[in-house]
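Colleague: Next come a sequence and a model predicted from it.
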Amino acid sequence: MKAFLTAASVAALASSALAETRKVPQQYDSIALAVADASPGDTIMVSKGTYKEHVSVSGKDDLKFVGKKAIWDGNVGGVDGRCLDVQGDGVSVRGFTFRNGTNQVVVTGSGASISKCTLQDAGDSAILIYGPASTVTRCRIWGAGSWGIAIEGADAVVCRDRIEQSFDGGVYVCGDGAGVHRNAIRNVDGRDGILVVGASGLVERNGVSGSAEAGIHVDGDDVTVALNVVSWTEQRGVDAYGDRLLATDNRVTATGDEAIFADGEDATISGNRVQGTRGHGIAIAGGGFAVNFNAVSTTVQDAHGLFLSGDGGTATENLMEDTAGWGLYVLGDGNVLAGNEALRCGTQDEGGILVDGNQTELAGDSASACDRAGLVVLGNSNDVVRFVADGNSAAGIAVFGSGNAVDASVATDNGGEGFINLGIGTILTDGTFHGNGRFDVASAVDGYGATFLVFTGNRFDTGGQAQDPEVYLHSE
């Protein structure tokens, strides 16, 4: 079989064959002299030693800088500058220790690769890249005056880097298609641990601890934030803006604000574990959400476990424990809740689950040992099926609004009423209400004018009778 080479292929092979390795200090006394003599595609190999240089190069693509235990110092004669400033495509830098200077590695061009470098005490961002398809891997960065890594360009990859004590932030990427994977970022003094601006990014398996603002901040549509561990942030753990966010299987603890916040439509928040937040455990601002299989515990300062604001969303099989505010607070119309569980919630005079909206469906949810009511329903035409309220300090189930229906639900051993109707035209069917502190079933006629539209099949010991379930309670 005959092989055909294009003109571009021939040129590339020729360039590779002609590329030279220029050695410092064996052939050149300085890195700058080797670069000045280099052609596109050459390798600048720098042996052990300390090199105080500001090197600038342009018009030479595919240069390779390789350090062999070499220290590149950006303080020259008491003046800090850029250690390396390259304008060209396909540039790679590997194996150096950079220290001092302003920006230590600056590349303008596509396809840059920075790997296995140590960068210490940069006066500005340690690594600064302008161009698409860049990679920064296995670098260690400490004490940068701005960002540890800053990239402006699409399809960037930042992987397995370790960043500590950066003033502005750990990793900043502005461009679509970013991948930020398996990095360790600690003690960021000024801003976010990771900031990604652009669509279709993937932020996964990173560890972020001790950031002055958010642990992970993303701004763009169709971004995935998965399997990260975030702790001790002064603001949010995950702070996301844009439609169709996927935040899954993250572990977020000890945040100064919400653990996970999503502002956008059609967010999917699944499998996350949240503990010890000063804001809501998970907060959504936007419709069409899917919040499933999350576990939230120990929120403080009136913060809710889940606070979901939007229409047409779903929340299923979430567990909320020991929250200061409501375990689950849903604000909006046409939402669906199923299988959610609130335990010991509402320690700041709140309760288990609060629904504020119309045409919400609840099926198989529960609240136990909460500080106030197990379930409060506000709004109209909501349907509650198989709700279980047990051992809450106030009412088991409280219904306001009009045309709400509660079917096959159970309220036992609550401190107040098992079921309290404060709405108009309420439907209560096939419920079981026993052992509650006040009445098992009651309707607040005085002050609320509450009425039942349908009242059948209910089993209870105290309160209204089946033929006349109205129990006159004072509004106080």
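Modeller: Perfect, I can see it now.

Colleague: mind showing which ranges of the stretch 301-450 of the chain have poor pLDDT?
Modeller: Along the stretch 301-450 of the chain, segments meeting pLDDT under 70 span 445-447.

Colleague: these two touch, right, Arg372 and Glu350?
Modeller: Yes: in this structure, Arg372 is within contact of Glu350 by C-beta atoms under 8 Å, at 5.9 Å. Yep, even glycine has a C-beta here, placed from its N, CA and C like the rest.

Colleague: Just confirm Ala34 is within a helix.
Modeller: Yes: assessed with DSSP: H, G, I helix; E, B strand; the rest coil, Ala34 lies in a helix.

Colleague: which residues does it contact?
Modeller: When contacts are counted by C-beta atoms under 8 Å, 6 or more residues apart in numbering, Ala34 touches 22-24, 27-28, 44, 46.

Colleague: how about the residue nearest to Gln348 when sequence neighbours are not counted, secondary structure?
Modeller: What sits nearest to Gln348 in space, not counting adjacent residues and going by C-beta to C-beta, 6 or more residues apart in numbering, is Ala324, at 4.3 Å. Classification of Ala324 using three-state DSSP returns coil.

Colleague: and the gap between Ala324 and Ile149?
Modeller: 37 Å (C-beta to C-beta, to the nearest Å).

Colleague: So between those two, which is more surrounded?
Modeller: Ile149 (31 against 22; other C-beta atoms under 10 Å).

Colleague: Surely that one and Val171 touch.
Modeller: Yes: taking C-beta under 8 Å as the definition, Ile149 is a contact partner of Val171 at 4.9 Å.

Colleague: Overlap in contacts, the two.
Modeller: 158, 161, 163.

Colleague: dump the residue contacts of Lys23.
Modeller: Contacts of Lys23 (C-beta under 8 Å, 6+ apart): 34, 45-47.

Colleague: Show me where the chain has its helices.
Modeller: Ranges of helices in the chain, per DSSP state H, are 7-18, 31-37.

Colleague: Which of those has the lowest mean pLDDT?
Modeller: Note on these: lowest mean pLDDT is at helix 7-18, with a mean of 48.

Colleague: State the distance from Val410 to Gly310.
Modeller: Val410 is 29 Å from Gly310, by C-beta to C-beta.

Colleague: ok, those two, which is more surrounded?
Modeller: Neighbour count, other C-beta under 10 Å: between Val410 and Gly310, Gly310 has more, with 23 against 19.

Colleague: Chain neighbours aside, what residue packs nearest to that one?
Modeller: Gly287 (3.8 Å).

Colleague: Pull out the buried positions in stretch 45-65.
Modeller: 45-46, 51-55, 57, 60-65 (16 or more other C-beta atoms under 10 Å).

Colleague: now swap in stretch 261-278 and tell me
Modeller: So for stretch 261-278, counting by 16+ other C-beta under 10 Å, buried means 261-270, 272-278.

Colleague: tell me how far the ends of that stretch are from each other?
Modeller: Stretch 261-278 has an end-to-end distance of 13 Å (C-alpha to C-alpha, to the nearest Å).

Colleague: again with stretch 278-294
Modeller: 18 Å.

Colleague: now swap in stretch 280-294 and tell me
Modeller: 13 Å.

Colleague: what about it, distance to the chain center?
Modeller: 11 Å (C-alpha atoms, centre = their mean, to the nearest Å).

Colleague: what do you get for stretch 296-305?
Modeller: 17 Å.

Colleague: Could you do stretch 50-69 as well?
Modeller: On C-alpha atoms, centre = their mean, the centre of stretch 50-69 falls 37 Å from that of its chain.

Colleague: and if you look at stretch 100-120?
Modeller: With C-alpha atoms, centre = their mean, you get 28 Å for stretch 100-120.

Colleague: Which positions within it qualify as buried?
Modeller: 100-115, 117-120.

Colleague: Next: stretch 359-373.
Modeller: 359-360, 362-373.

Colleague: how about that stretch as PDB, C-alpha atoms only?
Modeller: Extracted C-alpha coordinates of stretch 359-373, given in PDB (Å, rounded to 0.1, in the frame of the first residue of the first chain):
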ATOM      1  CA  GLN A 359     -50.000  22.700  42.700                       C
ATOM      2  CA  THR A 360     -47.100  21.100  44.500                       C
ATOM      3  CA  GLU A 361     -47.200  17.300  44.800                       C
ATOM      4  CA  LEU A 362     -45.700  15.500  47.800                       C
ATOM      5  CA  ALA A 363     -45.500  11.700  48.100                       C
ATOM      6  CA  GLY A 364     -43.900   9.700  50.800                       C
ATOM      7  CA  ASP A 365     -42.000  12.500  52.500                       C
ATOM      8  CA  SER A 366     -41.500  12.600  56.300                       C
ATOM      9  CA  ALA A 367     -40.500  14.800  59.300                       C
ATOM     10  CA  SER A 368     -39.600  13.500  62.700                       C
ATOM     11  CA  ALA A 369     -38.500  15.200  66.000                       C
ATOM     12  CA  CYS A 370     -38.400  18.700  64.400                       C
ATOM     13  CA  ASP A 371     -38.600  21.800  66.600                       C
ATOM     14  CA  ARG A 372     -41.800  23.100  65.200                       C
ATOM     15  CA  ALA A 373     -44.300  21.600  62.700                       C
END
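
Colleague: which residues touch the spatially most central residue of the chain?
Modeller: Against the mean C-alpha coordinate of the chain, by C-alpha atoms, centre = their mean, the closest residue is Val238 at 2.6 Å. Residues in contact with Val238 (C-beta under 8 Å, 6+ apart) are 214-218, 225, 228, 230, 247, 250, 252, 259-261.

Colleague: Need those residues in a markdown table (columns: pLDDT and distance to Val93).
Modeller: Listed next are the contacts of Val238 as a markdown table, based on pLDDT from 0 to 100; distance: C-beta to C-beta, whole Å:
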| residue | pLDDT | distance to Val93 |
| --- | --- | --- |
| Ala214 | 97 | 29 |
| Gly215 | 98 | 28 |
| Ile216 | 98 | 27 |
| His217 | 98 | 27 |
| Val218 | 98 | 27 |
| Val225 | 98 | 29 |
| Asn228 | 98 | 27 |
| Val230 | 98 | 30 |
| Ala247 | 98 | 34 |
| Asn250 | 98 | 32 |
| Val252 | 98 | 34 |
| Ala259 | 97 | 37 |
| Ile260 | 98 | 36 |
| Phe261 | 98 | 37 |
